[in-house]
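Q: here is my input; please provide its structure:
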Amino acid sequence: MSRLSQLTVPSMPQSVASTAAKSSFSQAPSNALVPPPPVAVKKDPKLANNWKAKSAAELTDAEVIAMPDAEYMNEKQMAFFRLKLVELKRGILENAGETTEHLREDTVVVPDPADRATIEEEHALELRTRDRERKLLKKIEQSIQRIDAGDYGYCDETGEPIGVGRLLARPTATLSLEAQQRRELKQKMFGD
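A: Sure thing, here's the model as predicted:
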């Protein structure tokens, strides 16, 4: 008789307890190492030629996605992503200014230790967020430099196009989806 079948719970019949124990110890195949299938970006054929008559500032995300693959990282796309990055940078800098003002306003001495701890925790959380934004600001600057150099939109490891969909989701991306997945898998297996 196997060890699992000997496990019993007083309120359960032995056959139920044995089945429950076996199912709790059975290991389902792990799909953690299998990368998700690439999601195809939907291109609207009606928007395919809209980019020709519009400036980079007037283009929408859908129009940029609808551009033909042969036009990947043309001047309009480069200008479109430059505007997107500059807008992101401006937003981060505005948030930094608001944080400074917010921290100055909340420097009032609070006699209650619980209230003071809450305020300090909120400040620490806000400062951690700003630190992440500071790191993102550095990546934005690097992406703008890549646009100036003409390297933007191409994978650092493989030289293949990163893809408009990925760049819209993460304008600071420097790796294609496949290269990023390989890097993350390597980090998971071997650490940093």
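Q: for the helix or strand harbouring Lys188, buried residues please.
A: Counting by DSSP states H and E, the element that carries Lys188 is helix 177-190. Applying a neighbour-count criterion of 16 or more other CB atoms under 10 Å, the buried positions in helix 177-190 are 177, 179-180. Heads up, the C-betas are built off the backbone N, CA and C, glycines and all.
Q: could I get those as JSON lines with distance to Lys84 and pLDDT?
A: Output for the buried residues of helix 177-190, formatted as JSON lines (distance: CB to CB, whole Å; pLDDT from 0 to 100):
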{"residue": "Leu177", "distance to Lys84": "19", "pLDDT": "92"}
{"residue": "Ala179", "distance to Lys84": "22", "pLDDT": "92"}
{"residue": "Gln180", "distance to Lys84": "19", "pLDDT": "92"}
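Q: which one of the residues you listed is nearest Gly159?
A: Ala179 (10.1 Å; CB to CB).
Q: touching, the closest one and Tyr154? I think so.
A: No - if you go by CB atoms under 8 Å, Ala179 and Tyr154 don't touch, sitting 10.9 Å apart.
Q: the closest residue to Leu103 other than its chain neighbours: what secondary structure?
A: Distances taken as CB to CB, 6 or more residues apart in numbering put His123 closest to Leu103, at 6.1 Å, once the chain neighbours are dropped. Secondary structure, DSSP: H, G, I helix; E, B strand; the rest coil: His123 is helix.
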